[in-house]
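*Asks:* After the sequence you'll find the predicted model.
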Amino acid sequence: MSLGAHLVELRKRLIIAAVALVVGMVIAFLVTDPIIHFITEPIRHISDERGQSIVALNFTAVTSPFDLRMRIAFSIGLFLSAPVWLWQIWAFIMPGLTKKETLYTVSFVGAAIPLFFAGCYVGTLVVPHVIELMAGFTPEGGNNLYEASAFYDFVFKLMIVVGVSFVLPVFLVALNVAGIMTGRDILKGWRVAILVSCVFGALATPAADLVSMFMLAGILVVLYFAAALVSMLFDRRKRKRDEAAGLTSPIA
């Protein structure tokens, strides 16, 4: 295909992806009420626990309620339309890939997507503990008035960060497949991996919430060792294939 044909194809893929996103946003906008009810559950819990009505989600501008719903609609719409826009990206780049590259890409994406959503789910488990713990530091006589936009940013960003952290082991396996790192190289860094996992768990959760910190760090450590194990299996299969082809001598 010529450059012009590629640009026409790209425009078509982008239009389809944009339409899917808009449709997903419309559907998501209709269900913003239960989503807002879900993410504000910790606020109601704090209010009931303290017996106060001053613990609430605060809207500081006339358009704030609508803005919050639009931001939620965009985020959820992006997830709802993911099958469509991911397919458009894939359909655009697939003709330029070899059969082997296609297989690897499908495998990595197939592993990354469930891990990302699993991380987002773990994020939803961590968020309430973080909010309730932080509210516990409010001094006597203080009020917890959560600005709606900042509150949603906190919840959404924490979920995304945890989701992305769950995908990092997939990139380690990708580096192994690309020949950049061996499985043993990955495994040798287990001490650093445990340290980084604990530091990340401490940063993503309040320092006083040890349960959430160790839960998150433990999951990341398990995923790290799983990536090392998969990489070592790939190395073993590659070594046997090279030996069968006479490229290397068998190891005694």
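*Replies:* Okay, I see it.

*Asks:* okay, CA-based contacts and neighbour counts for the rest of this
*Replies:* Will do.

*Asks:* can you pull out the helices in this structure?
*Replies:* Secondary structure of the chain (DSSP state H): helices located at 3-30, 32-39, 41-50, 64-80, 82-93, 99-135, 148-177, 183-188, 190-204, 210-244.

*Asks:* Which neighbouring elements make contact with the first one?
*Replies:* What that stands for is helix 3-30. Judged by 3 or more C-alpha pairs under 8 Å, 6 or more residues apart in numbering; DSSP states H and E, helix 3-30 is in contact with helix 64-80, helix 82-93.

*Asks:* Please point out which parts of it sit buried.
*Replies:* 10, 13, 17-18, 20-26, 28-29 (16 or more other C-alpha atoms under 10 Å).

*Asks:* what's the closest of the helices of the chain to residue 57?
*Replies:* Comparison of the helices of the chain against residue 57 by C-alpha to C-alpha identifies helix 148-177 as nearest, at 5.6 Å.

*Asks:* What's the mean pLDDT across the closest one?
*Replies:* For helix 148-177, mean pLDDT is 84.

*Asks:* packing partners for it?
*Replies:* Counting contacts by 3+ C-alpha pairs under 8 Å, 6+ apart, helix 148-177 is packed against helix 64-80, helix 99-135, helix 210-244.

*Asks:* ok, 7 Å please
*Replies:* Helix 148-177 sits against helix 99-135, helix 210-244, with contacts defined as 3 or more C-alpha pairs under 7 Å, 6 or more residues apart in numbering; DSSP states H and E.

*Asks:* Buried residues, it. List them.
*Replies:* Of the residues in helix 148-177, those buried under the neighbour-count criterion (16+ other C-alpha under 10 Å) are 148-149, 151-152, 155-156, 158-170, 172-177.

*Asks:* angle of it against helix 99-135?
*Replies:* Relative orientation of helix 148-177 versus helix 99-135 (axes from the mean of the first three to the mean of the last three C-alpha atoms, to 10 degrees): 140 degrees.

*Asks:* Off-centre distance for helix 148-177?
*Replies:* With C-alpha atoms, centre = their mean, to the nearest Å as the basis, helix 148-177 stands 3 Å off its chain's centre.

*Asks:* what's the angle from that helix to helix 64-80?
*Replies:* Here helix 148-177 runs at an angle of 20 degrees relative to helix 64-80 (the same axes, to 10 degrees).

*Asks:* Could you identify which of the helices and strands packed on helix 3-30 is most buried?
*Replies:* helix 64-80 (a mean of 18; mean count of other C-alpha atoms under 10 Å).

*Asks:* Low-confidence bits of the stretch 101-250 of the chain, can you list those?
*Replies:* The model of the stretch 101-250 of the chain has pLDDT under 70 over residues 101, 204-209, 245-250.

*Asks:* just so I know, which of the helices and strands packed on helix 3-30 lies nearest residue 6?
*Replies:* Here helix 82-93 is closest among the helices and strands packed on helix 3-30 (C-alpha to C-alpha), at 8.8 Å.
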